[in-house]
Structure formats: C-alpha cells, structure tokens
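Novice: just the structure for this:
(one chain, ligands or ions: 1)
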Amino acid sequence: MHGLGNQYIFINCFDVKLEEKELSLLAVEVSDIYTGIGSDGLILMGPSDVADLQMRIFNKDGSEAKNCGNGLRCVAKYAYDYNLISKKVMTIETLGGIVQATVHPDDAGSVLLVTVDMGKPRFQAEQIPVTGVSQEGPIVGEKIEVDSENHEMTVVSMGNPHAIFFVDDIEDAPLMTLGPKVEKHERFPESVNVEFVQQVSGDELHFRVWERGSGVTQACGTGACAAVVASVLNGLSNKGEEVQVHLAGGDLYITWDERDHVWMKGPAETICEGTYYRKNQRK
Ligand SMILES: N[C@H](CCC[C@H](N)C(=O)O)C(=O)O
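Specialist: Just a heads-up that it's a prediction; the model follows:
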C-alpha cells in the first residue's frame with residue numbers, strides 16, 4: 001500500500017505471529033528492490049489493549065520509528081477494507097501515542113481518502129530528542145552547524161523527530177547533501193527526519209523530505225504535519241486554517257487546530273497483496 005507514493009509492505013499480524021528479533025531484518029529484506037519486494041519499509045498491524053488496533057513501522061534500514069502518517073492512512077483503509085474494524089472512525093496505537101483515523105468510503109464503498117487526528121506536536125528538546133538547544137519552548141530558528149556552515153532549523157516531534165528548513169526555491173533544496181548529514185547529526189541522538197519547505201502563501205507550501213532510515217521518499221505524512229506546525233511557529237501560516245502541502249507524490253491537507261491537534265487528510269491506496277517467501281525459504 002502507499003500514501004502519495006510513500007510505499008510500505010503491510011503484514012496483518014492479527015493472523016500471523018512474527019518473531020520480535022526477526023522484525024528489523026525482515027524490514028530490510030522486504031524493502032530491498034532487487035532481492036525483496038521494494039518499499040520504504042515494513043508496517044505491522046495487530047491487536048492493541050488500548051486502541052482498536054496497533055501499528056508498528058520499520059524504515060527500510062530496519063530501524064523502528066514511533067509514527068508514520070502515510071502508514072496510518074493505509075492502516076485505517078486496510079482495517080476497514082478487510083473488516084478488521086467495522087467502524088469508519090478508529091483509534092490506532094503507535095509507539096508515539098494513540099491517534100484517531102476516519103475513513104471516507106466513496107459511493108462504491110472504496111476507501112481512497114482518510115483523515116487522521118495526529119494529536120499534539122511536541123516541542124521540548126528532550127521530547128524530540130535534540131541536544132545543545134539554548135531556547136525554552138518551541139525550537140524555532142535554531143542554528144545547526146554542518147561542514148562549518150550554519151543553517152537555521154525549526155524542530156518538531158509528531159511522535160517522531162523532524163528538522164525543518166525553509167528555502168526560497170524547493171527545486172534547489174539541498175535534499176541529497178544536507179539531508180543525510182542532518183539525519184545523522186550528533187545533536188540528534190536518535191537521528192532525525194529532514195524536511196525542506198518553500199512557503200507559497202499562508203495556506204500553501206512545497207515540501208521535500210529526506211527520511212530518517214529511508215532517505216528520499218515521495219511523501220512523509222508526519223513530516224507534512226511538522227512542516228505546517230513549523231510554518232505557523234514561523235508566522236507563515238495560521239493556526240486553525242487548512243494548509244495545502246505539495247509533496248513530490250501529491251498533496252496533503254493539514255490543519256493545526258485551536259485545540260493544538262494536527263489533522264492530516266489524504267489518500268491511501270492498495271497496490272497488491274500476496275505471499276512473500278523469506279530468502280531462506282525460497283526454492
Ligand atoms: N522515517 C520516519 C518514519 C516514517 C514516516 C513517514 N513515512 C510518514 O509518512 O510519516 C522516522 O524514522 O521517524
């Protein structure tokens with residue numbers, strides 16, 4: 001399944017029991033475009049004691065993340081389409097907290113659009129985590145030195161960490177140079193997702209992402225949420241107003257509301273389904 005081209009392999013763990021110690025390697029295997037299936041990572045759906053279901057997400061490098069916006073929309077669609085959940089509104093447990101997703105079936109009963117209440121952004125340095133921060137509260141305009149050059153970033157967590165850089169022209173964003181260097185920068189003890197934003201107007205922005213653990217992807221749902229929060233913190237967008245975010249793979253509609261909740265609205269699609277043979281099981 002994918003959300004705006006941010007593609008994951010999904011396993012329904014209501015039916016399948018996987019070995020915990022195998023999960024990271026399995027994510028690397030299935031994500032490999034040459035010897036596996038090819039994806040940005042692996043997502044597991046399973047039972048939860050505190051929500052309607054649980055989502056776990058592993059990047060293509062095998063690292064486990066605490067949240068995934070595009071993944072959440074796909075999980076909600078899968079759960080409704082395959083009758084894991086009979087409701088249109090469902091709660092999903094992630095390592096980054098519990099969110100609420102709403103599927104919007106079309107007249108034919110197909111779910112192509114999903115809205116997710118992603119909860120509140122987090123701003124404290126220890127919640128990101130990020131070190132060496134001089135300011136209290138939301139981290140805005142924070143300088144970070146990379147290869148003896150200073151860059152200004154806004155840092156936001158949506159359960160997973162995001163470093164956002166505003167640029168004049170998204171086409172010139174240093175995605176492949178600054179992206180990997182900030183991802184693994186020593187000030188981010190758990191690494192970080194790196195986003196570049198060109199503000200078009202108060203309710204529109206362009207967005208590109210170098211994802212922690214997966215590199216350049218077509219879209220990043222939590223990143224788009226973090227980018228709109230960063231835009232409001234920098235006085236470029238308004239709280240309570242919907243912002244159209246143009247990602248490489250398409251558009252998401254994000255609102256940071258007056259109750260401090262971030263809402264994400266966007267598509268989710270099933271590409272195919274089938275059986276995966278582990279390398280050591282192949283004939
Ligand atoms: N790379 C992210 C996880 C996937 C997030 C992204 N694909 C989304 O849609 O939010 C991290 O390590 O925090």
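
Novice: quickly list what Phe166 is bridged to.
Specialist: Beta-bridge pairing for Phe166 (DSSP bridges): Val197.

Novice: that one: how many residues sit nearby?
Specialist: When neighbours are counted by other CB atoms under 10 Å, Phe166 registers 20. In this view, the C-beta of every residue, glycine as well, is placed from N, C-alpha and C.

Novice: just list the residues touching it, thanks.
Specialist: Counting by CB atoms under 8 Å, 6 or more residues apart in numbering, Phe166 touches Glu152, Thr154, Phe196, Val197, Gln198, Gln199, Ala230, Asn234, Leu236.

Novice: then Thr35?
Specialist: Applying CB under 8 Å, 6+ apart, we find Thr35 in contact with Glu29, Lys279.

Novice: what does Glu64 give?
Specialist: The contact partners of Glu64, taken as CB under 8 Å, 6+ apart, are Leu23, Ser24, Arg56, Ile57, Phe58, Leu95.

Novice: so which of these comes closest to the ligand?
Specialist: Set against the ligand, the nearest of those by CB to the nearest ligand atom is Ile57 (5.7 Å).

Novice: I'd guessed Gly141 sits against Thr154; true?
Specialist: Yes: contact criterion CB atoms under 8 Å: Gly141 and Thr154 qualify, at 7.0 Å.

Novice: now the common contact residues for the two.
Specialist: Each of Asn234 lies in contact with both Gly141 and Thr154 under the rule CB under 8 Å, 6+ apart.

Novice: so between those two, which is more surrounded?
Specialist: The neighbour comparison of Gly141 against Thr154 (other CB under 10 Å) goes to Thr154, with 24 against 12.

Novice: can you tell me which residues contact that one?
Specialist: Thr154 is in contact with Pro138, Ile139, Val140, Gly141, Glu142, Ala163, Ile164, Phe166, Ala230, Leu233, Asn234, counting by CB under 8 Å, 6+ apart.

Novice: mind listing what the second one touches?
Specialist: Residues touching Ile139, when contacts are defined by CB under 8 Å, 6+ apart, comprise Phe123, Ala125, Ile128, Val130, Val133, Met153, Thr154, Val155, Val156.

Novice: measure it to Ile57 for me?
Specialist: 24 Å (CB to CB, to the nearest Å).

Novice: which parts of the stretch 1-150 of the chain sit against the ligand?
Specialist: Residues of the stretch 1-150 of the chain lying close to the ligand by CB under 6 Å from any ligand atom are Asn6, Ile57, Asn59, Ala65, Cys68, Gly69, Asn70, Gly71.

Novice: would you format the residues you listed as CSV with neighbour count, secondary structure and pLDDT included?
Specialist: Below are those laid out as CSV (neighbours: other CB atoms under 10 Å; DSSP: H, G, I helix; E, B strand; the rest coil; pLDDT from 0 to 100):
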residue, neighbour count, secondary structure, pLDDT
Asn6, 29, strand, 98
Ile57, 26, strand, 98
Asn59, 25, strand, 98
Ala65, 26, strand, 98
Cys68, 30, coil, 98
Gly69, 29, helix, 98
Asn70, 35, helix, 98
Gly71, 29, helix, 98
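
Novice: ok, residues contacting stretch 242-252?
Specialist: For stretch 242-252, contacts defined as CB under 8 Å, 6+ apart pick out 2-6, 69, 200, 202-209, 218-221, 224, 227-228, 231, 237, 253-255, 264-267.

Novice: would you tell me whether stretch 178-190 gets close to the ligand?
Specialist: No: counting by CB under 6 Å from any ligand atom, the ligand has no neighbours in stretch 178-190; the shortest distance is 8.7 Å.

Novice: quick one: end-to-end distance for that stretch.
Specialist: One end of stretch 178-190 sits 17 Å from the other (CA to CA, to the nearest Å).

Novice: contacts for it?
Specialist: Here stretch 178-190 makes contact (CB under 8 Å, 6+ apart) with 128-132, 144, 146-147, 151, 153, 161, 163, 165, 191-194, 210, 212, 215-216.
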